[in-house]
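>>> Predicted model and sequence below, questions to follow.
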Amino acid sequence: MNKLLEVKDLTVQYDGGDYAIKNINIDVNDQEIIGIVGESGSGKTTLVRAIINLLSSNAKIVSGEVIFCGENIEKYNKEQWRKLRGNEIAMIFQNPGSYLNPIMKIGKQFIESIRSHRDISKAQAIKKAKDTLEKMGLDDGDRMMNSYPYQLSGGMKQRVAIAMAMAMEPKLILADEPTSALDVITQAQIANELLDLRDKFETSIVMITHNIGFAAYIADRIVVMYDGKVVECDNKSQIILEPKAQYTRTLLQTIPELKGS
Ligand SMILES: Nc1ncnc2c1ncn2[C@@H]1O[C@H](COP(=O)(O)OP(=O)(O)OP(=O)(O)O)[C@@H](O)[C@H]1O
């Protein structure tokens, strides 16, 4: 298996605060889905923002490295990051509303986004946008392209946001609670679509979630974080069936029991 991403001994601190994450080591293989779980404040968002170089201005990487496709991307300059972000690594944020421009139709935003990364004609960009929307289960591409974000449901907006990230066929998607604002049925549908996309686009996904049950469904491996550190990282069956850390056992107790008829 090929390593796509290696996070080595990564430590991040916010101004005036203690370490938000400390000595984090994580590998992501090609086409692998990693679920990052842990309670609020455990450092999940800080970790993925550090990976994609989108930490807030009051945060700094104190030590460590982020290796992507064999290169230390922490050393990249602005121009190298501009090329990498969106093309090779894409981020899907928690709230799609903050991602989409409310006063611009989906189609226009989608086409602008594609053409800012790829030198292709408008007609080619429209085709790519519609194709990707379809792959995300949004069959009526024309209606979608002609809609404003407020005309779409939360689930549709989240699918659009994911489609915009996938259109560039990035090698790695970082997703911060991409379904947390949605109802369980829509969460399950989007989880299935993400699994499908991993197969179609051969993408690796690092997904943050509060919900260890959701991680158990979608991820190959689960990273459990607590207080800025990795307490356990293993195959999901190992984490779910034979957790080593007490904290993981506590998290597992939060999964509602599924009762069959
Ligand atoms: N912009 C910031 N300025 C200062 N401290 C911050 C900032 N963002 C996060 N922190 C601190 O860093 C630590 C980790 O926070 P982080 O948001 O990464 O955790 P999280 O696991 O993603 O939480 P949540 O699930 O609530 O999003 C916390 O102690 C938090 O208070």
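Yes, it's here.
>>> From now on I want contacts and neighbour counts done on CA atoms only, so please keep to that.
Will do.
>>> Listing request: residues of the stretch 1-150 of the chain with sub-threshold pLDDT.
Within the stretch 1-150 of the chain, the stretches with pLDDT under 70 are 96-98.
>>> which stretches of the stretch 51-200 of the chain form helices?
Ranges of helices within the stretch 51-200 of the chain are 78-84, 106-117, 122-135, 141-145, 154-166, 184-201, based on DSSP state H, counting those that start in this stretch.
>>> Just the residues contacting the shortest one, thanks.
Taking Cα atoms under 8 Å, 6 or more residues apart in numbering as the criterion, the residues outside helix 141-145 that touch it are 105-108, 130-131, 133-134, 138.
>>> Then the first one?
Taking Cα under 8 Å, 6+ apart as the criterion, the residues outside helix 78-84 that touch it are His117.
>>> quick revisit: select only the buried ones of the contacts of helix 141-145 in ChimeraX?
This is the ChimeraX syntax for the buried subset of the contacts of helix 141-145, where burial follows 16 or more other Cα atoms under 10 Å:
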select :105,106,107,108,130,131,133,134,138
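>>> show me the contacts for the residue nearest the centre of the chain.
A centroid search over the chain (Cα atoms, centre = their mean) returns Ala175, at 1.4 Å, as the residue closest to the centre. Ala175 sits next to 91-94, 205-208 when contact means Cα under 8 Å, 6+ apart.
>>> May I ask which two of those residues are separated the most?
Gln94 and Ile205 (14.8 Å; Cα to Cα).
>>> between those two, which one's more packed in?
Comparing Gln94 with Ile205 by neighbour count (other Cα atoms under 10 Å), the higher total belongs to Ile205, at 30 against 19.
>>> does that one sit in a helix, a strand or a coil?
strand (DSSP: H, G, I helix; E, B strand; the rest coil).
>>> Can you tell me how far it is from Gly38?
Distance from Ile205 to Gly38, counting by Cα to Cα, to the nearest Å: 17 Å.
>>> can you list the residues of the stretch 51-200 of the chain near the ligand?
When proximity is defined as Cα under 6 Å from any ligand atom, the stretch 51-200 of the chain approaches the ligand at Ser56.
>>> Show the contacting residues for Ile106.
Residues near Ile106 by Cα under 8 Å, 6+ apart: 100, 144-149.
>>> cutoff 10 Å now
With contact taken as Cα atoms under 10 Å, 6 or more residues apart in numbering, Ile106 is in contact with 100, 112, 129, 143-149, 152, 157, 160-161, 164.
>>> Which among the residues you listed count as buried?
For the contacts of Ile106, a neighbour count by 16+ other Cα under 10 Å gives the buried set as 100, 129, 144-145, 147-149, 157, 160-161, 164.
>>> which of these lies closest to the ligand?
When these are compared for distance to the ligand (Cα to the nearest ligand atom), Ala161 comes out closest, at 19.0 Å.
>>> doesn't Tyr99 make contact with the closest one?
Yes: using Cα atoms under 10 Å, Ala161 makes contact with Tyr99 at a distance of 7.1 Å.
>>> re the thing from before, quick check: which of the helices of the stretch 51-200 of the chain has the most neighbours on average?
The densest packing among these, expressed as mean neighbour count by mean count of other Cα atoms under 10 Å, is seen in helix 154-166 with a mean of 24.
>>> Does anything pack onto it? Which helices or strands?
Contact analysis of helix 154-166 by 3 or more Cα pairs under 10 Å, 6 or more residues apart in numbering; DSSP states H and E lists strand 89-92, helix 106-117, helix 122-135, helix 141-145, strand 172-176, helix 184-201 as its packing neighbours.
>>> and the angle for it with strand 172-176?
Between helix 154-166 and strand 172-176, the angle formed by their directions is 150 degrees, by axes from the mean of the first three to the mean of the last three Cα atoms, to 10 degrees.
>>> Asp183 reaches Ser153, doesn't it?
No: the pair Asp183 and Ser153 fails to qualify as a contact (Cα under 10 Å) at a distance of 11.1 Å.
>>> For Ser153, grab phi and psi.
Note on Ser153: backbone dihedrals following degrees, to the nearest 10 are phi -70, psi 170.
>>> burial of it, as a residue count?
Neighbour count of Ser153, defined by other Cα under 10 Å: 11.
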